[in-house]
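Colleague: Need coordinates for the below:
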Amino acid sequence: MRELLELRRNVASIRDVRQLEAALTFSNTLSCVFMLTGNIGVIKGYVDLFKQHDIPVFVHVEKIGGLSFDQPGLEYLANAIKPDGIITTKIQVVKKAQKLGLTTIQRFFLIDSEGLANITQSLDQVQPDVIEIMPARIPEVLGKVREMTKLPIISGGLLTQRKHAEECLAHGATAISSSSPSLWKESFGLTDV
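Modeller: From the prediction side, this is the model:
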């Protein structure tokens, strides 16, 4: 996962079904997509669509209607829906998903200094494959997070302009995630920052 994020440092966060086609259009600049919309009846179709185009897809288990993130729900996700991995804010979900062979992205919200301590405490309990830090508009804090871990860091939330994405990358993010199709077309290779 690290290599893919370093090669294509741009992630499409899909919050609306109308964004599916745009993400496919910009597949040459995206490392992967985050599915933040859908329900148990349609999510497999979305995952299959991206897999047909060789785009890794990660499902945010807490945002998919009708999908439980208990053990049976995660087993169903892994065995029937078959995304490349999951996104979650929950330590126990990371642990369960890892046992099922799913790549894990743990999302953290930094609203105060307690949020930084929360990252340390969480990483003492579980090592996800990647962490996502939100909101992205705090690039100076990314340097502190980078000092805490060698894990790949995705920075997302409130990103709509290239200059803000570049700030995140310059301050330690491995990649950025955005729900803004205008950013999906951008190339943020290692040589760009």
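
Colleague: neighbours of residue 185, just the number please.
Modeller: 15 (other CB atoms under 10 Å). From N, CA and C alone the C-beta is placed, and that goes for glycine too.

Colleague: count of residues packed around the residue lying closest to it once chain neighbours are set aside?
Modeller: Leaving aside its sequence neighbours, residue 185 sits nearest to residue 26 (CB to CB, 6 or more residues apart in numbering; 5.0 Å). Residue 26 has 19 neighbours, counted by other CB under 10 Å.

Colleague: Quick check: longest strand in the chain by residues?
Modeller: strand 103-109 (DSSP state E).

Colleague: buried ones in the very next helix or strand once past it?
Modeller: Once the chain leaves strand 103-109, the next helix or strand it forms, by DSSP states H and E, is helix 113-125. By neighbour count on 16 or more other CB atoms under 10 Å, the buried set for helix 113-125 is 115, 116, 119, 122, 123.

Colleague: go on, stretch 130-148?
Modeller: By 16+ other CB under 10 Å, the buried positions in stretch 130-148 come out as 130, 131, 132, 133, 134, 136, 138, 139, 141, 142, 145, 146.

Colleague: ok, the residue nearest to residue 185 - contacts?
Modeller: If you count contacts by CB atoms under 8 Å, 6 or more residues apart in numbering, residue 26 has them with 12, 181, 184, 185.

Colleague: now those residues in JSON lines, with distance to residue 60?
Modeller: Formatted as JSON lines, those follow (distance: CB to CB, whole Å):
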{"residue": "12", "distance to residue 60": "13"}
{"residue": "181", "distance to residue 60": "18"}
{"residue": "184", "distance to residue 60": "17"}
{"residue": "185", "distance to residue 60": "23"}
